[in-house]
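Asks: the following block contains a protein sequence and its predicted model.
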Amino acid sequence: MNIYHKQLAANRWYKMTFFEQMANIGSEVGRALNWKQKSPKDSELAFERVLELLDLTIADAKNNQRLKELVRLRETLADYFVFDNQYSSSKDSWHNYFYGFNYASRMGT
């Protein structure tokens, strides 16, 4: 897998709050969702960026108490974008999940 966010991986990501990290992941998920029907290749590339950001979030020590949620999120995203969608996720459910993080990050919490 390619490294897309070289500057973020170089410690800038770890200075962001958890909500900022999740909002950024949500933005990439939104891109992957928007491209899913139009351009599967672009959707795949956006999903690779999602995984990269999610892996950085999982590796961030301040998120240790959220590891279970983050690993489950990674699993369900992979299920939706790559596998058979056993969890019955939808475009709307992903937008709803990440909306709260975007709101919280803008509120400065």
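Replies: On my side now, so go ahead.

Asks: C-alpha from now on. contacts and neighbour counts both.
Replies: Noted.

Asks: so who does the residue of the chain positioned farthest from its centre touch?
Replies: Using Cα atoms, centre = their mean, the residue of the chain lying farthest from its centre is K38. It sits 20.1 Å away. The contact partners of K38, by Cα atoms under 8 Å, 6 or more residues apart in numbering, come to none.

Asks: need the contact list for D60.
Replies: Y14.

Asks: next structured bit after the lowest-mean-pLDDT helix or strand in the chain?
Replies: Confidence across the helices and strands of the chain bottoms out at helix 6-7, with a mean of 58, counting by mean pLDDT, DSSP states H and E. Per DSSP states H and E, the first helix or strand lying C-terminal to helix 6-7 is helix 13-15.

Asks: next, the buried residues of that following helix.
Replies: Within helix 13-15, the residues that count as buried by 16 or more other Cα atoms under 10 Å are 13-14.

Asks: isn't S89 up against Y80?
Replies: Yes - between S89 and Y80 there is a contact under Cα atoms under 8 Å: 6.3 Å.

Asks: okay, the two: which has more neighbours?
Replies: Taking neighbours as other Cα atoms under 10 Å, S89 and Y80 compare with Y80 leading, 18 against 14.

Asks: residue contacts, the more buried one?
Replies: Y80 neighbours (Cα under 8 Å, 6+ apart): 86-90.

Asks: how about the nearest residue to the most centrally placed residue in the chain, chain neighbours excluded?
Replies: Centroid check for the chain by Cα atoms, centre = their mean gives I25 as the closest residue, at 3.2 Å. Nearest non-adjacent residue to I25, counting by Cα to Cα, 6 or more residues apart in numbering: V50, 5.7 Å away.

Asks: buried residues in the host helix or strand of that neighbour?
Replies: Using DSSP H and E, V50 maps to helix 40-59. Residues of helix 40-59 classed as buried: 42-54, 56-58 (neighbour count, 16+ other Cα under 10 Å).
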